[in-house]
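Q: got a sequence here, can you build the structure:
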Amino acid sequence: VQIDHWMADIEILSDDRLETIGRVWITLAIDVYSRMVFGMHIGVDAPSTTTFGMAMICGMTRKDAIAKRYGIEWDNPIAGPCERLAADNAGEFT
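A: I've put the predicted structure just below:
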């Protein structure tokens, strides 16, 4: 599994749409062997051990409930602990 963060070109607005809350950060964990998304976290929080942990929790759990909630039929067998994790030398990974 390889994991990294990206800032998306999406801005979140307040409920009254007068203020910008911030841009969205995407944390993706990709299974290198199958090229499938292992886990992810999307939020306005900057990369941290929390966003890393949320992406890993998403990866270790089955995604059937999320797919069912959005009416998507798919069999995503990617779940459970990973054998090896590759990341850069960012603070949240060390």
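Q: C-alpha from now on. contacts and neighbour counts both.
A: Noted.
Q: all helices of the protein, in order?
A: 49-60, 64-69 (DSSP state H).
Q: show me the contact partners of the last one.
A: In this case it means helix 64-69. The contact list for helix 64-69 (CA atoms under 8 Å, 6 or more residues apart in numbering) reads 73-76.
Q: next: the longest one.
A: Outside of helix 49-60, the residues that reach it under the criterion CA under 8 Å, 6+ apart are 27-29, 38-41, 45, 78-82, 92-93.
Q: how about a cut-off of 10 Å?
A: Around helix 49-60, the neighbours that count as contacts under CA atoms under 10 Å, 6 or more residues apart in numbering are 1, 3-5, 25-31, 37-45, 48, 78-82, 91-94.
Q: how far off centre is the worst-scoring helix or strand of the chain on mean pLDDT?
A: Sorting the helices and strands of the chain by mean pLDDT, DSSP states H and E puts helix 64-69 at the bottom, at a mean of 86. Relative to its chain's centre, helix 64-69 lies at 16 Å (CA atoms, centre = their mean, to the nearest Å).
Q: stretch 78-93 too?
A: 12 Å.
Q: low pLDDT regions in the protein?
A: Within the chain, no range satisfies pLDDT under 70.
Q: what ranges does this structure have for its strands?
A: With DSSP state E, the ranges of strands along the chain come out as 2-13, 20-30, 37-43.
Q: okay, the ones you listed, which one's buried deepest?
A: Comparing those by mean neighbour count (mean count of other CA atoms under 10 Å), strand 37-43 ranks first with a mean of 21.
Q: packing partners of that strand?
A: strand 2-13, strand 20-30, helix 49-60 (3 or more CA pairs under 10 Å, 6 or more residues apart in numbering; DSSP states H and E).
Q: could you redo the last one with a cut-off of 6 Å?
A: strand 20-30, helix 49-60 (3 or more CA pairs under 6 Å, 6 or more residues apart in numbering; DSSP states H and E).
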